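Peer 1: Please work out how this folds:
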Amino acid sequence: MRTPVIATAALTLGLLASTGCANADQPDKPDTDLLQDRLDDFAGLSEHAVLAEVRNGDRTWSEATGPRNLDPGSDQARPGDLVRIGSATKSFTASVLIQLEGEGELDLDDPIGDHLPGLLPYDEDPTVRQLMTHTSGLPDFLPRLYPSLAEGDVSDIREGYRNDHEPEELVALAAQDPPLFEPGEGYAYSNAGYAVLGLLIEDLTGNTLGHELEDRVIEPAGLDDTYLLSPNGAIRGPHPVPYITTGESDDPYFDTTGLSGTQLWAGGGIVSTTGDMNDFYGALTDGTLLTERQLAEATDWVDTGKSLRYGLGLFGEQFGCADDPEEVFIGHTGDALGHEVSSFHSVDGERQVTVAWNIGDKHGYTDPDEFVRALDAFIEAGLCDADA
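Peer 2: As a prediction, this is how the structure comes out:
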């Protein structure tokens with residue numbers, strides 16, 4: 001098993017306090033030494049660049065480590081670099097729908113066929129809420145878009161990652177298969193479900209999804225470096241190059257720059273920074289984007305059969321903090337074929353962690369259990385302000 005180690009030189013380390021210097025009688029939070037140690041542990045497992053930002057109250061710690069690409073002499077990553085956030089986009093899309101419900105444009109318990117008749121060829125339509133919580137039974141389109149992945153082969157990605165697809169086409173791909181279960185009778189993560197929800201937003205508003213995200217989420221939350229990818233997949237600014245591992249000894253990494261934004265769209269098509277991600281989830285919890293009642297509805301969890309819970313475009317996870325082991329943090333993870341993100345936050349918005357990296361390891365170059373332990377240890381250090 002290949003576990004290369006990168007040199008983790010600190011590029012930017014800022015501890016910012018809006019009130020000036022910290023009170024000498026109070027310990028600094030977050031614990032920057034602990035965070036640096038845990039970030040180094042995580043970054044040292046692979047050749048990836050890692051970006052991170054941790055907030056605790058009015059204090060912010062940000063860091064970037066590793067090269068932007070795998071070519072010799074590459075520029076080093078910086079904390080403000082852009083990344084595709086993948087499925088964390090679902091939190092943005094869900095926020096728009098919750099706002100539209102608050103305006104009386106729909107009820108989340110409406111069958112989707114009431115708004116988009118005939119889109120799904122099933123006898124029983126799932127509700128909007130079931131699509132948002134992945135309890136609709138709708139299969140995903142990715143196994144049909146990239147069938148070779150099931151065999152551990154990335155050739156379908158190599159051939160098709162730049163291809164444009166209409167959302168209706170992706171939904172139809174998924175719906176070639178029968179429902180995985182009756183609506184509301186199980187949980188199965190479905191990017192196709194969020195393609196349906198993107199179409200719903202456009203149908204209800206008469207505007208593009210990108211316009212509604214900008215008007216309802218990105219601008220109100222002050223996200224200066226966040227946008228929905230265009231079809232050509234261009235990332236507009238400095239960024240770590242996204243790679244996936246191939247399993248091929250002579251060509252171990254494949255550069256997925258240029259991945260068509262149409263393949264990701266409502267379920268995964270946003271580009272952002274770690275700082276903007278923290279701003280977004282902060283705006284989600286402080287009343288800027290959702291009311292207190294709407295946030296409570298968004299965090300009405302369904303059982304996923306795993307440790308993670310799911311709400312309306314949100315994961316909920318316990319990280320076992322010593323002060324409150326049962327505390328549930330909200331956020332999302334994202335995999336955008338090379339760029340990956342994990343972003344979790346206390347419900348009061350006081351503690352926030354977003355970490356991103358640029359190699360999607362599809363072939364176990366790094367021990368997966370060790371990888372998850374190191375990632376969780378960093379997130380726990382940020383959210384719990386203690387070593388797990």
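
Peer 1: Mind giving me the packing neighbours of the biggest helix by length in the chain?
Peer 2: Among the elements of the chain assigned as helix by DSSP state H, the one spanning the most residues is helix 368-384. For helix 368-384, the contact count by 3 or more Cβ pairs under 8 Å, 6 or more residues apart in numbering; DSSP states H and E identifies helix 32-43, strand 50-56, strand 339-345, strand 351-357 as packing neighbours. From N, CA and C alone the C-beta is placed, and that goes for glycine too.

Peer 1: Just the CA atoms of the lengthiest strand in the chain, as PDB, please.
Peer 2: Longest among the strand segments of the chain by residue count, using DSSP state E, is strand 328-336. Coordinates of each C-alpha in strand 328-336 appear next as PDB, following Å, rounded to 0.1, in the frame of the first residue of the first chain:
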ATOM      1  CA  VAL A 328     -25.000  16.900  17.000                       C
ATOM      2  CA  PHE A 329     -23.100  19.100  14.500                       C
ATOM      3  CA  ILE A 330     -24.600  20.000  11.200                       C
ATOM      4  CA  GLY A 331     -23.000  20.300   7.800                       C
ATOM      5  CA  HIS A 332     -22.100  18.200   4.700                       C
ATOM      6  CA  THR A 333     -19.400  16.300   3.000                       C
ATOM      7  CA  GLY A 334     -18.600  16.600  -0.700                       C
ATOM      8  CA  ASP A 335     -16.900  14.500  -3.400                       C
ATOM      9  CA  ALA A 336     -16.400  16.300  -6.800                       C
END
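
Peer 1: what does that strand rub up against?
Peer 2: Outside of strand 328-336, the residues within contact range by Cβ atoms under 8 Å, 6 or more residues apart in numbering are 83-91, 242, 259, 264, 268, 281, 284-285, 299, 301, 309, 311, 313-319, 340-347, 351, 360, 383.

Peer 1: Is the most centrally placed residue in the chain part of a helix or strand, or is it coil?
Peer 2: Most central in the chain under Cα atoms, centre = their mean is Ala88, positioned 2.5 Å from the mean C-alpha point. For Ala88, the secondary structure call by DSSP: H, G, I helix; E, B strand; the rest coil comes out as helix.

Peer 1: residues contacting it?
Peer 2: Going by Cβ under 8 Å, 6+ apart, Ala88 touches Ile270, Ser272, Met277, Gly331, His332, Thr333, Gly334, Val341, Ser343.

Peer 1: Also Ile157?
Peer 2: Tyr146, Ser148, Leu149, Ile244, Phe254, Thr256, Leu337.

Peer 1: And Ala386, by the same measure?
Peer 2: Applying Cβ under 8 Å, 6+ apart, we find Ala386 in contact with Asp31, Leu34, Cys321, Ala322, Glu380.

Peer 1: For the protein, which segments count as helices?
Peer 2: For the chain, the helices defined by DSSP H occupy 32-43, 89-102, 128-132, 142-145, 155-160, 167-174, 191-205, 209-213, 261-268, 274-285, 292-298, 368-384.

Peer 1: Any idea which of the ones you listed gets closest to Asp250?
Peer 2: Across the helices of the chain, Asp250 has its closest neighbour in helix 155-160 (14.2 Å, Cβ to Cβ).

Peer 1: Tell me which residues of that closest one come out buried.
Peer 2: Burial within helix 155-160, assessed by neighbour count using 16 or more other Cβ atoms under 10 Å, is assigned to Ile157.

Peer 1: now stretch 316-324
Peer 2: The neighbour-count check on stretch 316-324 (16+ other Cβ under 10 Å) flags Gly316, Glu317, Phe319, Cys321 as buried.

Peer 1: measure stretch 168-185 end to end?
Peer 2: With Cα to Cα, to the nearest Å as the measure, the ends of stretch 168-185 fall 25 Å from one another.

Peer 1: Next step: the buried residues of stretch 316-324 restricted to strands.
Peer 2: For these, secondary structure assignment (DSSP E) places Gly316, Glu317 in strands.

Peer 1: Now pLDDT and distance to Gly237 too, for the buried residues of stretch 316-324, in JSON lines please.
Peer 2: Putting the buried residues of stretch 316-324 into JSON lines (pLDDT from 0 to 100; distance: Cβ to Cβ, whole Å) gives the following:
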{"residue": "Gly316", "pLDDT": "98", "distance to Gly237": "32"}
{"residue": "Glu317", "pLDDT": "97", "distance to Gly237": "30"}
{"residue": "Phe319", "pLDDT": "94", "distance to Gly237": "31"}
{"residue": "Cys321", "pLDDT": "94", "distance to Gly237": "35"}
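
Peer 1: okay if I get the buried residues of stretch 316-324 as TSV plus distance to Tyr189?
Peer 2: Shown next, in TSV, are those (distance: Cβ to Cβ, whole Å):
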residue	distance to Tyr189
Gly316	15
Glu317	15
Phe319	21
Cys321	26
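
Peer 1: out of the buried residues of stretch 316-324, who's nearest Val217?
Peer 2: Of all these, Val217 sits closest to Gly316, with 20.1 Å by Cβ to Cβ.

Peer 1: I figured Leu199 hits Glu166, correct?
Peer 2: No - contact between Leu199 and Glu166 fails when scored by Cβ atoms under 8 Å: they sit 9.6 Å apart.

Peer 1: quick one: Thr366 and Glu47 touch, right?
Peer 2: No - shown here, Thr366 and Glu47 do not form a contact pair, counting by Cβ under 8 Å, at 9.5 Å.

Peer 1: pLDDT score for Phe181?
Peer 2: Listed pLDDT for Phe181 reads 98.
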